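S.K.: Provided below are the primary sequence and the corresponding predicted coordinates.
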Amino acid sequence: MFKLPTTATAPFCPSEVSGTVTVPETDPLWKKILRFAGPGLLVSVGYMDPGNWATAIQGGSQFGYGLLFVVVLSSLAAIVLQCLSMRLGIVTGKDLAVHCREQYHPRAAKGLWVFAELSIIACDLAEVLGCALAFKLLLGVSLPVGVALTALDTVIVLALKGKGFRQLEAIVLGLIATIAICLFSELALVKPDWQAVLAGLVPSVQKLADRDALYLAIGILGATVMPHNLYLHSSVVQTRIIRRKTAQNDAHLAEAIGLSRIDTIVSLVLALFINGAILVLSAAAFYKPGGGNVMDIDQAYALLAPIAGTALAAILFGLALLASGQSSTFTGTIAGQVIMEGFLKLKIPCWQRRLITRGLALGPAMVGVLTLGDHAVGKMLVGSQVVLSMQLPFAMYPLIRLTGRSDLMGRFVNAWWTAALSWFLFVVISLANMWMVWQAIFD
C-alpha cells in the first residue's frame, strides 16, 4: 500500500512535510488517481504565468494564429521532461537538485545552482510585472505603485505557514479555474476564426523563417518549459509516495509512476489549453493580415474593451493576469527552497526564501518601469522568457543523464525511444539558444 502525507499540521514546503495516510490497495482506480492528483497542478501554474501571456499576446498580434503550433509542441516537450522529473523523484526518493550535488563535481554543481537560481529570478520578474499590470488595471494605480504592491505577496506566503500540500493545491486549483473561466469568457466575446485556429496548429518551419517569429518562438518555449519546474516536480511528487524496502516495491513504484503520469499529463494539457487560449485571444482581437501594430501585454488590456464591445473583457483580463501571477508565486517559492536545499543543504523558512527571491526581482522591475516607462513591460516580460529558455539546457542535461542511468533507476531507466526523444529536444533547444545569442552578438 502507498503512504501519502497528511495535511493537518504539515507546512507547505516539501522538506517539512510530515505524517502519512494509508492508501488501501483495494481502492478503485479513480480514487487512487485523485489521491495522486496535485503535484502536476503545482507544476502546471508555472506554464501559465505572466511571461506566457506576454509571449502569446505578442505572437498572436504579430503573426496571428501562425505560432499556435509552437505552443502545442512546447507543451508536449514539457510533458516529456516533467514525466522524466517525476519518475526520477519517485524511483530514487531524491530530487534533481540533490542528485546534481551528489553526482557532479562541486564546481559543476554550484554552476548548475546559479543557473537554476537565475531561472527563478527571471520567472519572478515576470510575476512582478504581470501582477503590477493587473493592479494598474483593477485598482487604477500607477505601474511603479503596482510593482511595490507585489512585495506584499510575501505576507500571503507567510499566511500559508502550517498549511499542507492539499490546502495549497486547492488554492492553486481555484486560481487556475479563475484564469480558465476569464480567458474562455473573453474568447466568447471576441469570436475567433476557428478554421484559422486549426490551420495554426499545423507545424511549419516556414513560419519560423522570420527572425522575429523565431525569437518569439524561443520566448514561448522558455515561457512553457520552465527550468526550475524540473527541479520542483522531482521533489513535490515525493509528497505522494514514500519508498519502502519490500519485495513488492517495484510494483508499487510502477503504479505510482503511472498514476503520477496521469496527473502530469492532465495538468499540463490544461495549461496547454490556457496558453493556446491566450494566443488565440490575441490573434482574434489584434492581428491584422498584411501587418499592423505589434501588441504588447500592457496595450492589450486597454484595447480589449472597445474590441469586445464591453468593459467586462478588460476586467476579466486583469483578474486572470493577477491569478496567474499569484499562483506562480506559490510554486516559485517552493522551487526556490527545493533548489537551495538540494544544492546547498541550506534550509530556511519559505517566507524568507520568498523575500529573497522577490527582493531580487523587484529591483530590475522597478528600474525598468521607471526608466523605460509603462510600455517596456511587454518587452521585459518577453526578454525574461528568453532568459528562461537559455537556462533550460542546464537543467535538461543532468535530468536526461540521471534518468538514463540503470544504476540509479533500475528497471525504470529511460527506454531507448524516451532517451532519443529527450536528447533530440536537448539539441533543438540548445541550437535555438545558440542561434539567438549569435544574432544578438553579430547582427
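M.R.: Received the coordinates, thanks. Given the structure is predicted, the values throughout are model-derived calculations rather than measurements.
S.K.: Tell me how many other residues crowd K345.
M.R.: K345 has 9 neighbours, counted by other Cβ atoms under 10 Å. To be clear about C-beta, it is placed using only N, CA and C from the backbone, and glycine gets the same treatment.
S.K.: Nearest spatial neighbour of D124, chain-adjacent residues omitted?
M.R.: In space, and not counting its chain neighbours, D124 is closest to A361: 4.0 Å by Cβ to Cβ, 6 or more residues apart in numbering.
S.K.: sorry, that was for G51
M.R.: Leaving aside its chain neighbours, G51 sits nearest to A126 (3.6 Å; criterion: Cβ to Cβ, 6+ apart).
S.K.: now the one you found: how far from S119?
M.R.: Taking Cβ to Cβ, to the nearest Å as the measure, A126 falls 11 Å from S119.
S.K.: coming back round to it: pLDDT wise, what is the residue nearest to G51 at?
M.R.: For A126, the pLDDT comes out at 78.
S.K.: what do you get for the one 3 residues further on?
M.R.: The score at L129 is 81. That number is its pLDDT.
S.K.: which ones are touching it?
M.R.: L129 is in contact with P50, V147, A365, G368, V369, V377, M380, L381, S384, counting by Cβ atoms under 8 Å, 6 or more residues apart in numbering.
S.K.: what distance separates stretch 84-98 from the centre of its chain?
M.R.: 18 Å (Cα atoms, centre = their mean, to the nearest Å).
S.K.: Tell me the buried residues in it?
M.R.: 84-92, 94-98 (16 or more other Cβ atoms under 10 Å).
S.K.: Kindly reformat the residues you listed as CSV containing distance to A213, pLDDT and secondary structure.
M.R.: Formatted as CSV, the buried residues of stretch 84-98 follow (distance: Cβ to Cβ, whole Å; pLDDT from 0 to 100; DSSP: H, G, I helix; E, B strand; the rest coil):
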residue, distance to A213, pLDDT, secondary structure
L84, 29, 94, helix
S85, 30, 93, helix
M86, 32, 92, helix
R87, 34, 93, helix
L88, 34, 93, helix
G89, 36, 91, helix
I90, 39, 88, helix
V91, 40, 89, helix
T92, 40, 89, helix
K94, 40, 89, coil
D95, 36, 91, coil
L96, 32, 92, helix
A97, 35, 92, helix
V98, 39, 93, helix
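S.K.: Can I get those residues in JSON lines including distance to P106?
M.R.: Shown next, in JSON lines, are those (distance: Cβ to Cβ, whole Å):
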{"residue": "L84", "distance to P106": "25"}
{"residue": "S85", "distance to P106": "23"}
{"residue": "M86", "distance to P106": "27"}
{"residue": "R87", "distance to P106": "26"}
{"residue": "L88", "distance to P106": "21"}
{"residue": "G89", "distance to P106": "23"}
{"residue": "I90", "distance to P106": "27"}
{"residue": "V91", "distance to P106": "25"}
{"residue": "T92", "distance to P106": "20"}
{"residue": "K94", "distance to P106": "17"}
{"residue": "D95", "distance to P106": "18"}
{"residue": "L96", "distance to P106": "17"}
{"residue": "A97", "distance to P106": "14"}
{"residue": "V98", "distance to P106": "14"}
